[in-house]
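Colleague: Just the structure for this:
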Amino acid sequence: MARLIPRTHTVLVLLMVFALSLGLSGCSNQDVTRPALERDISTVYGRLLIKRDQLLRTPTPQTLRVEANCYRGGPDQPDIGPGKDWRCDLHPVDATGALADVSYLVIARTNGCWSALVETLAATADTVDVATMIVPSTGQSVPDPLGGFDGCLRA
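Modeller: Numbering: from 1, shown residues only. As a prediction, the model looks like this:
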């Protein structure tokens, strides 16, 4: 004789499956848009600029802000969606004026995460150059935090 599953168990299992599918669909379907990428990359870059200043033992301006201009491909390519053809030009500014501008090549993935590599570095299938800097207190060569970095868009 077959054993029947009580109706309340079936309903609970179905509710859990439904809730899990809603939760998972929200995690993997992040829209990559120009405003979201500009906001996120400028925030991450600003934090890394502070980290680099600490390593170099130089004062970080209290009024630091980073403006970003991100875009894809050419005029026929909309500035939306994942892809390896994003570029972001960053313009840090403090109370004394503009700091050095820098451009990054950006790969945006379908999950909303991205990787940025400073445009002046070379990358091939086999190797990626690493930007380095000398720490004045030790004379040691270390990777520059601003040479390349990753992030994920906030929902």
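Colleague: what ranges do the helices span in this protein?
Modeller: Assigned helices in the chain, in chain order: 7-28, 34-56 (criterion: DSSP state H).
Colleague: By mean pLDDT, show me the worst of those helices.
Modeller: If you rank those by mean pLDDT, helix 7-28 sits at the bottom with a mean of 39.
Colleague: where does Leu146 land on pLDDT?
Modeller: Reading off the confidence values, Leu146 has pLDDT 90.
Colleague: helices and strands around the lengthiest strand in the chain, which ones?
Modeller: The residue-count maximum for a strand in the chain (DSSP state E) belongs to strand 83-94. Applying 3 or more Cβ pairs under 8 Å, 6 or more residues apart in numbering; DSSP states H and E, one finds that strand 83-94 contacts helix 34-56, strand 65-72, strand 102-108. Where C-beta positions appear, they are placed from N, C-alpha and C, glycine not excepted.
Colleague: Can you give me the distance of the residue lying closest to Thr60 once chain neighbours are set aside to Pro145?
Modeller: Setting aside the residues directly before and after it, Thr60 is nearest to Asp53 in space (Cβ to Cβ, 6 or more residues apart in numbering), at 4.3 Å. Plainly put, Asp53 is 10 Å away from Pro145 if you go by Cβ to Cβ, to the nearest Å.
Colleague: Kindly report the same for Thr138.
Modeller: Here the distance between Thr138 and Pro145 works out to 16 Å (Cβ to Cβ).
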